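In: Below is the sequence, then the predicted model.
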Amino acid sequence: MIIVKKDETLNEHQRLAVTSPDGPLLVIAGAGTGKTKTLVHRMLHLVNNGISPDSLLLLTFTRRASKQMLTRASQLLDRRMENVSGGTFHSFSNHFLRRYATKVGFTSNFSILDTEDATTLVGISRENIISQKVAKRFPKKETIFELISTSFSTNLSLEKTIQKDYPQFIREIKEIQLIREDYEKAKFKANCMDFDDLLHFTRKILVEDQVVRSHSSQKYQAILVDEYQDTNRIQAHIACLIASEHANIMVVGDDAQSIYGFRGSDVRNIFDFPKIFKNTQIIKLEENFRSTPNILNLANRCLTKFQEKYDKKLFTKKIEAGQIPKVFKYSSIEEEADQIAQRILTEYELGTSFNEIAILGRSGWHTNIIEIALTSKGIPFKKYGGKRILEQAHIKDILAYLRVISNPLDWISWNRILLLEENVGPKQTSYFLQAIQNQPDLFIEQSNWENDVFFMGFTKEAKISLSRLLNFLHLIFIKRNQSVLAIYEETLTYYSQILQIKFDDHEKRMFDLESLKVITKERRSLEDFLSILSLDATESFQMSLDQKEDEFVTISTIHSAKGLEWNSVFIVHLIDGHFPSNRIRTNEELEEERRLFYVAVTRAKSKLFFTIPLSEHGNSIQLQAMSRFLEELNGLPPVWKEETDSELEQKKGNSDQFDHIQNYFLN
């Protein structure tokens, strides 16, 4: 019998999942329905019914998740649960290959390349394949490594991956293919594997060696997989291969929360699991322990819009219906940011701690202006799912130009912008900085820089680049009394050419740079603009309010917020073309965007706010359409309160099961 503490009681469907007989089991766990508790108790049930803990294999997506489950299981039963083999797919594959690596030509003491090391090795292969002349217009090593890894995890050809993510490099496909081949040879020669190799070679051995496959199934008598909707094709294949002898596999997940297709996860894995194991039992967990009825009503309406789904309806036993979700429309993204910050202060005054408030956006740049608004109002925050806007290289670059205009003695900013210039390296930069120590405002009085005695000793190419920079700075300086917006736009025009050369993803970064424009309109001087951007949120907050050091509002992309929850959630920038993204090309991609919206909605426990800026920069001519995800729900019975703050089959034998698995994954 399982020893269960009072706070670990199971509801009817959790108990069905926990006590289900051996065999394939698919648990569809809706948002906030206690899937972790179910997995933990399933392990306890298996152990209490005769399976040794070291014969259990628990596959999760983070080491932390695995550790938490096994710790909880040990507390509920005893320390035997520490012997369960638990970890990520990569950690399992590493353990597996330490025993079987020789079957694919490696030795058992192979090294594992982290992302930085792997990127460096790709860079070496890049240099081996292309000439220095070609290198200037060729994708950088980071981009090539990303393409190689994405191609593997998404099960797409390298050519299709390039067409999808970096179409500007499609003409370089032949060279990129050669770089990948050279990279693979280099890893093999060095007895090294990258993270993708761990999965690739594990699957290869399990497919090709029946003895190893059979031994693995005998060793792990029961397999449990968490977050199955997030597995990619290779990970799902590995789990099914290990279970091919006995089909005693339990996978837990939610099709409605499959949102990582961009990094290889395949929602078809959870939809097709019953096709792989014909006698799969399906159990649904629908009692939500997180949100109020009003929020769940909206979440359930979101579910009705999915084209393909496991039917489910979330419910709660909470008596209080809670606040109806609210929609706020604003005249511009500046007003959206300012009013969100103001509303957060109101929530704080009403007793909601900052730790219980989250701002969620489809993309990191959707919250850039909000970061500035929170800073200006002294609200502490932390950002997840990407660097804070002011920490990103391209933002630092453009601000460095403006700081030199404002303060010619700022040698740190001088150093940054000098190194951005073509044909100017650390040596030339050092000479330049020494020379301008006594003449920091050199650019104020324009002259024929290329012939200036100041440039003696510099190469012709360096002179041309530095002259162009100084002429630009002179032009900006004489316009310094113009609006901050005008100065910023002139600087952005100059820097945009450098941006295209420096970053392969320059189009994405241009969005960030454009978003900063809206702040310039509110600032009377360049110094004022730079000062507000330099404020530290926590320090400014400590000057105005007394709060715990670890209290902060969470700003996050929705992707990074999955699995988390807050009392009050703001879902921002709900504009069609932004959410869903205007880069959507297929129905499958649109469905994933819709699932992303559902994930955002189900993060809220009691208060949910949607915000819509009706124009980009306060210009009523540039009116934008509300996100179709809100629009399509508007035709249903009212589920929110709109407020406007502005005007505006049988089990088969072992060999048959293996053949069936292979046929599925190969076809």
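Out: Alright, I've got the coordinates.
In: Could you list the low-pLDDT ranges of the stretch 1-150 of the chain?
Out: 1-8, 132-136 (pLDDT under 70).
In: can you give me the strands in it?
Out: With strands called from DSSP state E, counting those that start in this stretch, the stretch 1-150 of the chain shows them at 25-29, 56-60, 85-88, 111-112.
In: Same check on the stretch 451-600 of the chain?
Out: Going by DSSP E, counting those that start in this stretch, the stretch 451-600 of the chain shows strands at 553-557, 566-571.
In: Who are the packing partners of the last one?
Out: When contacts are defined as 3 or more Cβ pairs under 8 Å, 6 or more residues apart in numbering; DSSP states H and E, strand 566-571 packs onto helix 333-349, strand 357-361, helix 587-601, strand 604-613. Glycine gets a C-beta too; all of them are placed from N, C-alpha and C.
In: want to throw the strands of the stretch 451-600 of the chain into TSV with mean neighbour count?
Out: Converted to TSV, the strands of the stretch 451-600 of the chain look like this (neighbours: other Cβ atoms under 10 Å):
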stretch	mean neighbour count
strand 553-557	24
strand 566-571	24
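In: mean pLDDT lowest for which of the ones you listed?
Out: Across the strands of the stretch 451-600 of the chain, strand 553-557 has the smallest mean pLDDT, namely a mean of 93.
In: what angle do it and helix 333-349 make?
Out: Using axes from the mean of the first three to the mean of the last three Cα atoms, to 10 degrees, the inter-axis angle of strand 553-557 relative to helix 333-349 is 140 degrees.
In: tell me the angle strand 553-557 makes with strand 357-361.
Out: Angle, strand 553-557 to strand 357-361, by the same axes, to 10 degrees: 20 degrees.
In: Check the offset of strand 553-557 from the chain's centre.
Out: 12 Å (Cα atoms, centre = their mean, to the nearest Å).
In: Neighbouring strands of it in the sheet, and parallel or not?
Out: strand 357-361 (parallel), strand 381-384 (parallel) (DSSP bridges).
In: for the following helix or strand past the shortest one, packing partners?
Out: The reference is to strand 381-384. As assigned by DSSP states H and E, the chain's next helix or strand after strand 381-384 is helix 393-406. Judged by 3+ Cβ pairs under 8 Å, 6+ apart, helix 393-406 is in contact with helix 411-419, helix 460-478, helix 484-502, helix 506-515, helix 526-534.
In: What are the buried residues along the fourth one?
Out: Translated: helix 506-515. For helix 506-515, the buried set under the neighbour-count rule, 16 or more other Cβ atoms under 10 Å, comprises 506, 509-510, 512-513, 515.
In: And for the second one?
Out: Residues 462-467, 469-470, 472-474, 476-477 are the ones in helix 460-478 that count as buried (16+ other Cβ under 10 Å).
In: how about those in CSV, adding distance to residue 88?
Out: What follows is these, written out as CSV (distance: Cβ to Cβ, whole Å):
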residue, distance to residue 88
462, 49
463, 54
464, 52
465, 47
466, 50
467, 54
469, 48
470, 53
472, 50
473, 50
474, 56
476, 51
477, 54
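In: Output those residues as a markdown table; include the columns pLDDT and distance to residue 231.
Out: Formatted as a markdown table, the buried residues of helix 460-478 follow (pLDDT from 0 to 100; distance: Cβ to Cβ, whole Å):
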| residue | pLDDT | distance to residue 231 |
| --- | --- | --- |
| 462 | 80 | 52 |
| 463 | 81 | 57 |
| 464 | 82 | 54 |
| 465 | 83 | 50 |
| 466 | 83 | 53 |
| 467 | 82 | 56 |
| 469 | 87 | 50 |
| 470 | 85 | 55 |
| 472 | 88 | 51 |
| 473 | 87 | 53 |
| 474 | 84 | 58 |
| 476 | 84 | 52 |
| 477 | 82 | 57 |
